[in-house]
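> Output the structure for:
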Amino acid sequence: MTKSMYSNELEQHQDPENVQNDDLLKAFVGVKKQSYYFRKWQPDNRRPINWAAVFATFFWLGYRKMYKVIAYILLIFIALDVVILFTGIDGGYINNYIGLGVAVALGIGGNGMYKNHAQKEIEKLQTEYSGDQLLEKVKQRGGTSWGGFWIAVLLFIGYILISIALEILAYLFTGL
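Prediction:
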């Protein structure tokens, strides 16, 4: 039996709910990157690294509309900045290594994180919509967004401003 005949036979025996979920997941990802993500999400994929997530980090998250993850990461950075300021240690290296760690973690786990994000968003929408309306809402909620990219840029600038303000406050109160 050829591979294509085998895959067609598998598709005929697949659970209709799984087929619908795959269709919704494809709609969420968007036409342009469906093959990329579905290939990366295969259990036998040995190279799941997402290079865009490695090099663009926050901006990739924004482009893929994962705003909560950006907020959590930036809150962790702010908390670390506060700890560094109160302890008086040189935080330059710490922030660089943590930034590198975040980039590597997103590169390695970003595809899976994106799939989980997509599935959760689809599940939320399935409670409110069905049929063609569900498909349209999934397409709207998913895909990419240059607006999301710019939101990530603004959040990052906000983090920098907060970090500067914390340093100024620390200097004013401690004179260090």
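> Can you report how many residues neighbour Leu85?
For Leu85, the tally of surrounding residues (other C-beta atoms under 10 Å) stands at 19. Every residue, glycine included, has its C-beta placed from N, CA and C.
> Helices of this protein, start to end?
Read by DSSP state H, the chain holds these helices, from start to end of the chain: 3-13, 16-29, 34-40, 51-63, 67-87, 92-128, 131-141, 146-174.
> wait, what's in contact with the closest residue to Lys139 other than its chain neighbours?
Taking C-beta to C-beta, 6 or more residues apart in numbering as the measure, Lys139 lies nearest to Ala27, with 5.0 Å between them; neighbours along the chain are not counted. Applying C-beta atoms under 8 Å, 6 or more residues apart in numbering, we find Ala27 in contact with Leu135, Val138, Lys139, Gly142.
> tally of neighbours for the residue nearest to the last one when sequence neighbours are not counted?
In space, Gly142 comes closest to Phe28 once its chain neighbours are excluded; the distance is 3.2 Å by C-beta to C-beta, 6+ apart. Here the count is done by other C-beta under 10 Å, and Phe28 has 26 residues near it.
> which sections of this protein are below the confidence cut-off?
Flagging of the chain using pLDDT under 70 yields the residue ranges 1-19, 175-176.
> Next one: Phe154 from Ile162, what distance?
One correction, residue 154 is Leu, not Phe. Separation of Leu154 from Ile162 (C-beta to C-beta, to the nearest Å): 13 Å.
> Next: Asn95.
For Asn95, the distance to Ile162 - C-beta to C-beta - is 13 Å.
> what is in contact with these two at once?
Residues touching both Asn95 and Ile162 (C-beta under 8 Å, 6+ apart) are Asp81.
> I'd assumed Leu61 was in contact with His117.
No. Counting by C-beta atoms under 8 Å, His117 stays clear of Leu61, with 9.4 Å between them.
> List the residues that contact the one residue sitting closest to the centre of the chain.
With distances taken as C-alpha atoms, centre = their mean, Leu61 lies nearest the centre of the chain, 4.2 Å away. When contacts are counted by C-beta under 8 Å, 6+ apart, Leu61 is found next to Ala53, Tyr67, Val69, Ile70, Ile73, Leu106, Ala152.
> cutoff 7 Å now
Neighbouring residues of Leu61 by C-beta atoms under 7 Å, 6 or more residues apart in numbering: Val69, Ile70, Ala152.
> Closest one of the residues you listed to Asp22?
Val69 (23.7 Å; C-beta to C-beta).
> hang on, the earlier thing: ok, the residue nearest to Gly142 touching Val138?
Yes. Checked against C-beta atoms under 7 Å, the pair Phe28 and Val138 is within contact range at 5.2 Å.
> Mutual contacts of the two, please.
By the contact definition C-beta under 7 Å, 6+ apart, Phe28 and Val138 are jointly contacted by Ile122.
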